[in-house]
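[1] Sequence and predicted structure below; questions after.
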Amino acid sequence: MGSKYKLVPHLASTFAELGGQTALDAFSGSGVVSYLLKSMGYEVTSNDFMNFPSVIATATTVNNSQKLTVADIDRICGPSADDRDFIQQTFDGLYFDQTDREFLDSAWSHIDTMVGYKRSVAISALVLSAARRQPRGVFTFTDASRYNDGRRDLTLTLQEHFREHAVSYNRAVFTNGLRHRAFVGDVYDLPTGYDVVYLDPPYAPPRDDADYMKRYHFLEGLSVYWLDQVIMQNTLTKKIEKKYTPFAYKRTVEEAMRNLFKKFSESTIVLSYSSNAVPDKDTIVALLREVKDDVTVIPIAHTYTFGTHVGATRRGASEYLFVAR
């Protein structure tokens, strides 16, 4: 949901044309754009209002050298270091079977003792494992059996997923010789002064909302072992209380964008947005022109897919890149 992986070549061309030395990825999400910016030689600052995207950015963008050793991976996949059973008890009958839930508790018993960027790599691999193991990759329903299409991801255990993804995250680690940062927080609280600011806020739909916590609450909780998280016990899916963001709702998104563009008016702004979201292209251009004279719109044909199963809804739309200088 919202991943920019397939749009990376277009973003790379845009960033190459703009140049500059410092970049902000203000809604980092899956982390692929922060990683792209790092690979292009930028000094990168990543931010997201949820924790697990910040952990991913820390593991892949901020981290310049630390990897999990074979011994680290074996230890995390080995016998539990304590008798914790929070996930087993809290999510009994939800999402994963007993063996998988035992593994998550056990893995965290070891991750809790880790420090530095290795910890972020381990948590990122664990989060990705849970996302791949869950049909559709979201946690909005209690019975996922109807979405089980037999794909390999749904046949592997969480431990098998973790071993594979730990190796993949290790392979992603590199340095461009610069220091990078990753934050968790409100975009309006971030410092300014970057050469390039990339904005990829939630796309407010004409109906419903773009509530990421509702869809990914389990991944968010898993990234901190539910420390300081308030679980809504009256919900069937054991959701975490969501964080409000004005970008998720059609009634508030326009003013939120206006304030965002004003905040970063001294930087070159690159904004991703969809043609099937609110506000529309012309409104966004008008908002950008309140702070920038030169606004270019680059339409990109894109197919949006919600979910990973074969019957997932796919919708043709245009992904717009707004470049304001």
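    Now that the structure is in, tell me what you want to look at. Numbering: from 1, shown residues only.

[2] All the strands of the chain, residue numbers only.
    Secondary structure of the chain (DSSP state E): strands located at 22-25, 43-48, 181-184, 196-199, 268-274, 295-306, 313-324.

[3] The first one packs against which elements?
    Counting contacts by 3 or more Cβ pairs under 8 Å, 6 or more residues apart in numbering; DSSP states H and E, the secondary-structure elements packed against strand 22-25 are helix 32-39, strand 43-48, strand 196-199. For every residue, glycine as well, the C-beta is placed using N, CA and C.

[4] Could you pull out the helices in this structure for me?
    Assigned by DSSP state H, the chain shows helices spanning 8-18, 32-39, 51-57, 70-76, 86-90, 98-111, 116-133, 158-172, 212-224, 253-263, 281-288.

[5] Need these in JSON lines (columns: mean neighbour count, mean pLDDT and distance to Arg146).
    Formatted as JSON lines, these follow (neighbours: other Cβ atoms under 10 Å; pLDDT from 0 to 100; distance: least, Cβ to Cβ, whole Å):
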{"stretch": "helix 8-18", "mean neighbour count": "15", "mean pLDDT": "97", "distance to Arg146": "32"}
{"stretch": "helix 32-39", "mean neighbour count": "24", "mean pLDDT": "98", "distance to Arg146": "30"}
{"stretch": "helix 51-57", "mean neighbour count": "27", "mean pLDDT": "98", "distance to Arg146": "26"}
{"stretch": "helix 70-76", "mean neighbour count": "15", "mean pLDDT": "98", "distance to Arg146": "32"}
{"stretch": "helix 86-90", "mean neighbour count": "16", "mean pLDDT": "98", "distance to Arg146": "24"}
{"stretch": "helix 98-111", "mean neighbour count": "20", "mean pLDDT": "98", "distance to Arg146": "19"}
{"stretch": "helix 116-133", "mean neighbour count": "22", "mean pLDDT": "98", "distance to Arg146": "16"}
{"stretch": "helix 158-172", "mean neighbour count": "18", "mean pLDDT": "98", "distance to Arg146": "21"}
{"stretch": "helix 212-224", "mean neighbour count": "23", "mean pLDDT": "97", "distance to Arg146": "17"}
{"stretch": "helix 253-263", "mean neighbour count": "18", "mean pLDDT": "98", "distance to Arg146": "33"}
{"stretch": "helix 281-288", "mean neighbour count": "17", "mean pLDDT": "98", "distance to Arg146": "37"}
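
[6] list the buried ones in stretch 293-300?
    The neighbour-count check on stretch 293-300 (16 or more other Cβ atoms under 10 Å) flags Val295, Val297, Ile300 as buried.

[7] who's in contact with the last one?
    So the one you mean is Ile300. Residues in contact with Ile300, defined by Cβ atoms under 8 Å, 6 or more residues apart in numbering, are Leu7, His10, Ser318, Glu319, Tyr320, Leu321.

[8] Quick check: bridge partners of it?
    Glu319 (DSSP bridges).

[9] one step back: can the strands of the chain go into JSON lines with extra columns for distance to Ala122 and mean pLDDT?
    Converted to JSON lines, these look like this (distance: least, Cβ to Cβ, whole Å; pLDDT from 0 to 100):
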{"stretch": "strand 22-25", "distance to Ala122": "22", "mean pLDDT": "98"}
{"stretch": "strand 43-48", "distance to Ala122": "19", "mean pLDDT": "98"}
{"stretch": "strand 181-184", "distance to Ala122": "16", "mean pLDDT": "98"}
{"stretch": "strand 196-199", "distance to Ala122": "27", "mean pLDDT": "98"}
{"stretch": "strand 268-274", "distance to Ala122": "30", "mean pLDDT": "97"}
{"stretch": "strand 295-306", "distance to Ala122": "29", "mean pLDDT": "79"}
{"stretch": "strand 313-324", "distance to Ala122": "33", "mean pLDDT": "79"}
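
[10] Can I get those strands in CSV including distance to Lys262?
    Output for the strands of the chain, formatted as CSV (distance: least, Cβ to Cβ, whole Å):
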stretch, distance to Lys262
strand 22-25, 15
strand 43-48, 17
strand 181-184, 20
strand 196-199, 12
strand 268-274, 11
strand 295-306, 15
strand 313-324, 12
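
[11] State the distance from the nearest residue to Arg132 once chain neighbours are set aside to Leu128.
    The shortest distance from Arg132 to any non-neighbouring residue, by Cβ to Cβ, 6 or more residues apart in numbering, is to Asp153 (4.5 Å). Using Cβ to Cβ, to the nearest Å, Asp153 is found at 10 Å from Leu128.
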